[in-house]
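Novice: kindly return the folded structure for what I paste below:
(chains A and B)
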Amino acid sequence: MHKLSVTELTKAFGTNPVLDYAAIECKTGEIVSIFGRNGTGKSTLLKILFGTLKADRIRLSINDKPFVVEEVIPQQKIAYLPQVSFLPKSIKVRDVVPLYYTSEIKQDNILYDPVIAKIANTKVGSLSMGQLRYFELLLIGNLSHPFLMLDEPFSMIEPLYRDKIREFLFDLKFTKGIILTDHYYDDVFSVADRNLLLKNGRLIAINNKEDLTDHGYLSGNTFL
Amino acid sequence: MRLFLNYYKTVTLINCCFCLCVATIMLNVIWFPILFCTLGIAVSMFVYNFFFKDQYYFYYNMGYTKKKLALITFGINLIPGIVLLLLVLILS
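Specialist: Below you'll find the model as predicted:
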């Protein structure tokens, strides 16, 4: 069981404060979602936790011990799926997997997945958005990092692959703590154990779609 | 290490092109080994960052920071750089 805890997370771009003493916690076996309108700082928050963006102030602890954010990547504590595709486009799917996994069992886990088996000989640059996102998720989800952060895993993905991603996340959460952000609230509500809304730099607990409406994330007409 | 070599191949190709261009412009082959293990690394990383910025996440997820990638590249380039430099000096 692993526990990631962040408090006092503060970040401003110039005079524009994006995160204002935000706090978040995530444990193994839990999927925590973060909603927020565009530009509210969801991706900023994830990048700060991953260590690729510097916070003005942050207190991070892993398993109740203080942890330096700059050590997240070197010590491989968090795997991160960014919004953009990060795989080299000229390499075939079957050649990407051995770059991440030396163990044949781990390679087979990915390459014998029914979806991946069909695209194994395809170059990454030729994959559809859904295939690419699913492959990226499988690739980083199988790593041994105790935590996983996903930036918009469902966005712009065809329904078939959204279902596949949901199934994978359900299985994965027993071994990892997962933090994800997305605007596809139906998909998010179906997988997340706890939901948060990032508003005015703070994270607010959300229980249902009505709460999202009350906080101005959804319009009142959304359910019509 | 296979993952690093994937990065190294791209960066070294850019580095070699840069060193070759400078050596040609300066009409002196000695610039190639000198730049190959010094400024060429910085230039190739800058070019990589410009064209393939998002691909750094490929390496971050496996524990490679930009600093670590640069240091290993520098370490690897140092040996052929010095050997080439000595060769050029001896031959000239």
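Novice: show me the contacts for the closest residue to A:Gln83 other than its chain neighbours.
Specialist: Leaving out its chain neighbours, the residue that sits closest to A:Gln83 by C-beta to C-beta, 6 or more residues apart in numbering or on different chains is A:Asp151, at 4.5 Å. Yep, even glycine has a C-beta here, placed from its N, CA and C like the rest. Contact partners of A:Asp151, counting by C-beta atoms under 8 Å, 6 or more residues apart in numbering or on different chains, are A:42-43, A:46, A:80-83, A:180-181.
Novice: closest to the centroid, which residue in the chain?
Specialist: I went with chain A, as the question did not name one. With distances taken as C-alpha atoms, centre = their mean, the residue of chain A nearest its centroid is A:Leu150 (1.1 Å).
Novice: wait, chain B
Specialist: Central residue of chain B (C-alpha atoms, centre = their mean): B:Ile41, at 3.8 Å.
Novice: wouldn't that one be in contact with B:Leu69 here?
Specialist: No: between B:Ile41 and B:Leu69 there is no contact, the gap being 10.1 Å when judged by C-beta atoms under 8 Å.
Novice: find the residues that touch each one of these two.
Specialist: Joint contacts of B:Ile41 and B:Leu69 (C-beta under 8 Å, 6+ apart) are B:Val11.
Novice: where does the prediction get shaky in chain A?
Specialist: Where chain A drops to pLDDT under 70, the residues are A:221-224.
Novice: what does it put close to chain B?
Specialist: Within chain A, the positions lying close to chain B (C-beta under 8 Å from any C-beta of the partner chain) are A:50, A:52, A:73-76, A:79-80, A:82, A:84-88, A:91, A:98-100, A:140, A:143, A:145.
Novice: can you say which of those are buried?
Specialist: Using 16 or more other C-beta atoms under 10 Å in any protein chain shown as the burial test, the residues of chain A next to chain B include A:50, A:52, A:73, A:76, A:79-80, A:82, A:85-88, A:99-100, A:140, A:143, A:145 as buried.
Novice: show me what contacts the residue of chain A found nearest chain B?
Specialist: At 3.7 Å from chain B, A:Phe86 is the closest residue in chain A, using C-beta to the nearest C-beta. Remark: with contacts taken as C-beta under 8 Å, 6+ apart, A:Phe86 is in contact with A:136, B:54-58, B:61.
Novice: element containing A:Leu148, please.
Specialist: Taking DSSP states H and E as the definition, one finds A:Leu148 inside strand A:147-151.
Novice: helices of the chain, residue ranges please.
Specialist: Unless you meant another one, I'm taking chain A. With DSSP state H as the criterion, chain A has helices at A:42-50, A:93-100, A:104-111, A:114-119, A:129-141, A:159-172, A:185-191, A:209-214.
Novice: wait, I meant chain B there
Specialist: Counting by DSSP H, the helices of chain B are B:2-26, B:31-36, B:39-52, B:56-60, B:66-91.
Novice: between those helices, which gets nearest to chain A?
Specialist: Closest approach to chain A among these (C-beta to the nearest C-beta): helix B:56-60, 3.7 Å.
Novice: so what secondary structure elements neighbour that closest one?
Specialist: If you count contacts as 3 or more C-beta pairs under 8 Å, 6 or more residues apart in numbering or on different chains; DSSP states H and E, helix B:56-60 packs onto helix B:2-26.
Novice: how about the helix it packs on and chain A, any contact?
Specialist: Yes: residues of helix B:2-26 contacting chain A under C-beta under 8 Å from any C-beta: B:2-3, B:6.
Novice: pretty sure B:Leu69 contacts B:Tyr59?
Specialist: Yes: the criterion here is C-beta under 8 Å, and B:Leu69 meets it with B:Tyr59 at 6.2 Å.
Novice: state the distance from A:Met156 to A:Arg133.
Specialist: 8 Å (C-beta to C-beta, to the nearest Å).
Novice: and the two? which has more neighbours close in?
Specialist: It is A:Arg133, of A:Met156 and A:Arg133, that has more neighbours when counted by other C-beta atoms under 10 Å in any protein chain shown, with 25 against 9.
Novice: on that earlier part again, residues in contact with the residue nearest to the centre of chain B?
Specialist: Each residue near B:Ile41 by C-beta under 8 Å, 6+ apart is listed here: B:11, B:15, B:70, B:73-74, B:77.
Novice: and if you look at B:Cys16?
Specialist: With contact taken as C-beta under 8 Å, 6+ apart, B:Cys16 is in contact with B:36, B:40.
Novice: re earlier: can you read off the pLDDT for the residue nearest to the centre of chain B?
Specialist: If you check B:Ile41, the pLDDT there is 93.
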